[in-house]
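# Give me a model of this one.
(chains A and B)
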There are 2 protein chains.
Amino acid sequence: MAKDIQRFSYVMCLLVSILVNIFFFKNMYYEKEKLSWSQRAAEEAEAVASISCSGNGRVYIDSIVVDGKPICECYSCYGGPDCSLFFPNCPVNVESGDPLFLEPFWIQNAASSAVVVAGWHRMSYSFPNQSHISKELEKSIRKIHAIAKNAITDGRYIVFGVGSTQLLNAAVHALSMEKPSSSFPAKVVAKIPYYRPYKLQTEFFQTLHYEFEGDSSILRNKSDFAGVVIEFVTSPNNPDGNLRSPVLKGPNVKTIYDHAYYWPHYTAIPAPADKDLMLFSISKLTGHAGSRFGWAIVKDVNVYKRMMDYIVLAEMGFSKDTQLRALTLLKVVAQGNGKQIFNFGHEIMRDRWEKMSHVFSLSKRFRLQSIPTQYCTFLDRTREPSPGYAWVKCKRKEDKNCTQVFRVAKIIGRPGSKFFAKNRYVRLSLLKGQHDFEMLIRRLKQLVSREDEEGVQPMSSF
Amino acid sequence: MAKDIQRFSYVMCLLVSILVNIFFFKNMYYEKEKLSWSQRAAEEAEAVASISCSGNGRVYIDSIVVDGKPICECYSCYGGPDCSLFFPNCPVNVESGDPLFLEPFWIQNAASSAVVVAGWHRMSYSFPNQSHISKELEKSIRKIHAIAKNAITDGRYIVFGVGSTQLLNAAVHALSMEKPSSSFPAKVVAKIPYYRPYKLQTEFFQTLHYEFEGDSSILRNKSDFAGVVIEFVTSPNNPDGNLRSPVLKGPNVKTIYDHAYYWPHYTAIPAPADKDLMLFSISKLTGHAGSRFGWAIVKDVNVYKRMMDYIVLAEMGFSKDTQLRALTLLKVVAQGNGKQIFNFGHEIMRDRWEKMSHVFSLSKRFRLQSIPTQYCTFLDRTREPSPGYAWVKCKRKEDKNCTQVFRVAKIIGRPGSKFFAKNRYVRLSLLKGQHDFEMLIRRLKQLVSREDEEGVQPMSSF
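Numbers count the residues shown, from 1 in each chain, chains lettered A, B, ... in the order given. Here you go, the predicted model:
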């Protein structure tokens, strides 16, 4: 009897074991069948992503290879092969508009935002029907504007560009050809303080058809100018984050609305924008400045055609790889109710502005720009500001070079003169990674707390 | 005894089964650990790639989605949802230079040429050290030139561009600023027949610093011109595939060598090119025209800096996605002894040229360009031609519009006038997919075989 029980146990154990085997076998077989040619690339990507760099850096799949392995790229103020060295006296660099505050969003959405590019992916110059534009990407862009409630796209044309940067000059070119055609080149203007590339690009690529004139107000009372006037209106404005309207009006005035920051992360959305020519970019929407992808929303078919001609002639269309990347990212943005990234971005920017405002509220030496609270149709409530940049004024008479004042305090900002304003102003980016922002706040607190002690002395010992 | 043996068998079976279980478990655990966030993207890519489209089309990961699934993009002359419909009377389109003959190479190398792009990949504007250029990609480019023996890169600067297309104008801009600086704008020329964008782009982006002049020979005897002359030298030439030297020489003459086709696929490589400014592109090297990636090899540091300024101002650098794609592809090119893609490409192009030459050798009506056999340092032997295009002359007096003659025979070529030559010439692309090439050869055979019957009559019944 005991032996029978023993034998029964053996048989049962064996049966269970065989069943488990079958389960494993099926599983394995299924797994194997699922992935073939993409397995190597997937493994490589995950292996690279798993290198920690002490939490103070990152390895990318195209990082510099040393001894057969890609090496860590350390965050600012960190060094060493594994980024474990911290340089406490290194200046915090908040000069650029690198939108790295959105990086954690993509790490949180790793699975949905990854994309596998096959070796044979879109080798041709064009999409079907000789188009240079991915229809699916265009569809995604329209969908996201509808979610963000920040622009009307129905019945509008969409042009892609290498960042909105390329589209700046494409738009100037297209509008400079508008009637009234005259023997004068079109005059291009923007209201101070404005984003520097408007001037640099227009002057660099100056043709017989347009020239840069300077501040918009120069032309305010010159109703005698017979040619076309093109005004850049940046809204919200870079550097100061305020919503803007054109300075100039009239039948010969054409306006380029640079809406790079017109997303719920950075501003109240009082109403969907519905202008003739509007520029947007993935850089400030998803944080992918490195992808260089922007778009224009255009009402007039002739302006649209001239912009397309410009881009096709300059570069024979757009990178299919960049378009695929943008599509992948925008699909994630549109997931669910599509509000996830806006809430994420807004929350961070609002928090940063609050901290920033608090520090400067304790200062008599510096003044932060003021941005009114406004009703936001996206959030469906009145909201506090959450701009991408602090636009700081040094109030002391002797602080003529505000950038230098901050530089001494080990904070690198962008001088007012780069926005054609006085150097009494400096722009500090609030868009960078959390690590940079925290260092910025620490340094600012120190700078402000020393105001009374130091008086007007330069803070060389800081 | 028998029972003991039976029990022993049970135990052994159980042991084996458990061991197999352990094996499976380890395997599965290992597999699971290997892929996490990239699994979804890999599965999606493989699922898309496995859709067959009856062998007459392809689905891409960003193809238009209908009912939740991406749909087939059919090859020319095929249609229907699964591309199973053939339109026998449809014209074969060999107008463009789409280099799809290389697609099978990438399908053969599917595993090594796939790349997984993580959602957080290179969000920043720049690489470390504020560079816009991937060092690894630059390294790969230098390596491949060394393998192909087609250019000297040691001690030279490399500029990236959106295809070599963008670099055409960047180079014209940079060279137009060279001394002798004079009050004259630089004159830009190219020898007929030449690639149309040289003229179109130079005229479109014309600044005060340069203007398009026309055929190089215009300036041959004008030694009195005090300004800078910029000559485009395309070698091998597009459309005719012949190696070329500059028409103009002299201290004020600057030359842009467009070496897009200077790869072993298309030409003998008599020696590595070692000129001041040379343009190359991934489009004709790997076949990825859609990626829009090219590069310039530049000797002079000032020319290099001006070209970089141009590109950074125009577009604030280059897409990191495109750079990653290019790096992935070039790594595959450099695999093993690095000769695989060149042998593959050369074999196809040589075979196509042979078939083409054979068909036209039977014709009295048409004449194919002649390309001399030449010693090739890459193959280390004298080799027959293998150009990217057939440049066909219609010899009959009345065939003034050669493109039309081919059009009636259901072959779409690019007219001679698009290369500023006579319309008695037409360019037929030999670079397209196998399916298009085979259709082209069939149609050409029919056209040539009817020469005697038809005399000078238009072949309307064809």
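# rest of the way, CA atoms for contacts and neighbours
Fine.
# how many other residues sit next to A:L19?
For A:L19, the count of nearby residues is 14 (other C-alpha atoms under 10 Å in any protein chain shown).
# and the helix or strand containing it, average pLDDT?
Element membership for A:L19, per DSSP states H and E: helix A:2-34. Helix A:2-34 shows a mean pLDDT of 66.
# Which residues outside the helix or strand following that helix are in contact with it?
Note on helix A:2-34: by DSSP H and E, the next helix or strand toward the C-terminus is helix A:39-49. Residues outside helix A:39-49 that contact it (C-alpha atoms under 8 Å, 6 or more residues apart in numbering or on different chains) are A:58-61, A:70, A:116, B:34-39, B:42, B:111-112, B:114-118.
# What about the closest residue in space to A:S283 that isn't next to it in sequence, how many residues nearby?
Closest residue to A:S283 apart from its sequence neighbours, by C-alpha to C-alpha, 6 or more residues apart in numbering or on different chains: A:A289 at 4.0 Å. A:A289: 26 surrounding residues under other C-alpha under 10 Å.
# Contact partners for A:A289?
Counted by C-alpha under 8 Å, 6+ apart, A:A289 has contacts A:D98, A:P99, A:G163, A:I282, A:S283, B:M123, B:S124, B:Y125.
# ok, 10 Å please
A:97-100, A:163, A:281-283, B:122-126, B:316, B:319-320 (C-alpha atoms under 10 Å, 6 or more residues apart in numbering or on different chains).
# Quick check: helices, which of those residues are part of them?
Judged by DSSP state H, these include A:G163, A:I282, A:S283, B:K320 as members of helices.
# Among these, which has the minimum pLDDT value?
Among these, pLDDT bottoms out at A:G163, giving 93.
# from what I can see it touches A:G287, true?
No. Using C-alpha atoms under 10 Å, A:G163 is not in contact with A:G287, being 12.0 Å away.
# what ranges of the stretch 1-150 of chain A fall below the confidence cut-off?
A:1-4, A:8, A:11, A:13, A:20-34 (pLDDT under 70).
# Of all pairs in the ones in helices among the contacts of A:A289, which one is the farthest apart?
The distance between the two most remote of those (C-alpha to C-alpha) is 13.4 Å, for A:I282 and B:K320.
# which residues do the two both contact?
When C-alpha under 10 Å, 6+ apart defines a contact, the residues bordering A:I282 and B:K320 alike are A:H288, A:A289, A:G290, A:S291, A:R292.
# which of A:I282 and B:K320 has more neighbours?
B:K320 (27 against 22).
# That one reaches A:G163, doesn't it?
No. Using C-alpha under 10 Å as the test, B:K320 is too far from A:G163 to be in contact (11.9 Å).
# got the domain boundaries for chain A?
By the record's domain assignment, chain A is partitioned as A:42-112, A:135-334, A:344-453 (the TED database).
# In three-state terms, label A:W391 for me.
Three-state assignment for A:W391 (DSSP: H, G, I helix; E, B strand; the rest coil): strand.
# again with A:V159
strand.
# Contacts only, for it.
Neighbours of A:V159 in contact, by C-alpha under 10 Å, 6+ apart: A:132-133, A:138, A:167, A:170, A:279, A:294-298, A:304-305, A:307-308, A:311.
# Just the buried ones from these?
A:132-133, A:138, A:167, A:170, A:279, A:294-298, A:304, A:307-308, A:311 (16 or more other C-alpha atoms under 10 Å in any protein chain shown).
# follow-up on the earlier one: can you flag which of the contacts of A:V159 belong to helices?
Of the contacts of A:V159, the ones assigned to helices by DSSP H are A:E138, A:L167, A:A170, A:Y304, A:K305, A:M307, A:M308, A:I311.
# Confidence-wise, which of these comes last?
A:I311 (93).
# Correct me if wrong: that one contacts A:W295.
No. Using C-alpha under 10 Å as the test, A:I311 is too far from A:W295 to be in contact (11.7 Å).
# list residues touching both of these two?
In terms of C-alpha under 10 Å, 6+ apart, A:I311 and A:W295 are both contacted by the residues A:V159, A:F160, A:G161, A:V162, A:Q166, A:L167.
# quick one, what contacts A:R350?
By C-alpha under 10 Å, 6+ apart, A:R350 lies in contact with A:H265, A:Y266, A:T267, A:M356, A:R383, A:E384, A:P385, A:S386, A:P387, A:G388.
# Is it possible to get a markdown table of the ones in helices among the contacts of A:A289 that adds distance to B:L19?
Output for these, formatted as a markdown table (distance: C-alpha to C-alpha, whole Å):
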| residue | distance to B:L19 |
| --- | --- |
| A:G163 | 57 |
| A:I282 | 53 |
| A:S283 | 54 |
| B:K320 | 48 |
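# Cheers, nothing more for now.
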